[in-house]
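Next comes the sequence, and after it the predicted model I'd like to discuss.
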Amino acid sequence: MSKIYKIKENREFQRIYRKGRYAVSKSLAVYLQPNSLQKNRIGITASKKYGNSVKRNRIRRLIKESWLLLQDKLNCGYDFVIVARKQENTGNPMLKHIHKEMLYLMKKLNVLNRNLK
């Protein structure tokens with residue numbers, strides 16, 4: 001299992017929102033921008049519109065677990081911000097659905113390693 005490098009500062013989130021590319025699915029939005037590092041960094045957000053703290057923390061944990069499964073398949077040198085979007089149905093999301101959507105968005109953003117597809 002690899003280490004997760006996190007984006008923590010607000011100005012970095014704002015830079016990625018302003019200058020980065022993005023892709024949106026039903027329950028996630030992924031913003032990305034190249035960085036000058038040889039590693040990928042991630043920031044995860046879920047607004048209060050998503051639900052109470054229990055729901056927000058659960059979706060963050062699921063996104064983080066999905067990131068761990070997916071990060072070895074990604075090209076290096078990007079900053080990612082993953083935003084949990086409010087869904088119409090209030091059921092609990094499952095890891096396989098989050099992972100499937102993240103994989104779809106990474107393909108859409110063309111950051112999957114060509115050798116591992």
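Ah, there it is. Numbering: from 1, shown residues only.

ok, residues contacting the longest helix anywhere in the chain?
In the chain, assigned by DSSP state H, the helix with the most residues is helix 53-70. The contact list for helix 53-70, computed with CB atoms under 8 Å, 6 or more residues apart in numbering, reads 1-2, 4, 28, 42, 44, 46, 48, 50, 82, 84, 92-95, 98-99, 102-103, 106. C-betas here are computed from N, CA, C, even on glycine.

let's see it at 7 Å
Residues from elsewhere that reach helix 53-70, judged by CB atoms under 7 Å, 6 or more residues apart in numbering: 1, 4, 42, 44, 46, 50, 82, 84, 93, 95, 98-99, 102-103, 106.

Check whether Trp23 really touches Phe80, as I assumed.
No Trp there; residue 23 is Ala. No: in this structure, Ala23 is not within contact of Phe80 by CB atoms under 7 Å, at 10.8 Å.

hey, what's in contact with both of the two?
Both Ala23 and Phe80 are in contact with Val30, where contact means CB under 7 Å, 6+ apart.

Mind checking what secondary structure Asn92 has?
Classification of Asn92 by DSSP: H, G, I helix; E, B strand; the rest coil places it in coil.

Repeat that for Lys3.
When states are read from three-state DSSP, the local structure at Lys3 comes out as coil.

What segments of this protein are strands?
Taking DSSP state E, the strands of the chain run over residues 5-6, 21-24, 28-34, 41-46, 78-84.

So for this protein, the centremost residue is which one?
Centrality entry for the chain: nearest residue to the mean C-alpha point is Ile82, 3.1 Å, by CA atoms, centre = their mean.

Report the residue spans of this structure with pLDDT below the cut-off.
Low-confidence regions of the chain, defined by pLDDT under 70, span residues 1, 89-90, 115-117.

Can you give me the neighbour number for Asn35?
Neighbouring residues of Asn35 were enumerated by other CB atoms under 10 Å; the total is 19.

The residue nearest to it when sequence neighbours are not counted bridge partners, please.
On the basis of CB to CB, 6 or more residues apart in numbering, the spatially nearest residue to Asn35 that is not a chain neighbour turns out to be Asp79, at 4.8 Å. The partner list for Asp79 in beta bridges (DSSP bridges) reads Gln33, Arg41.
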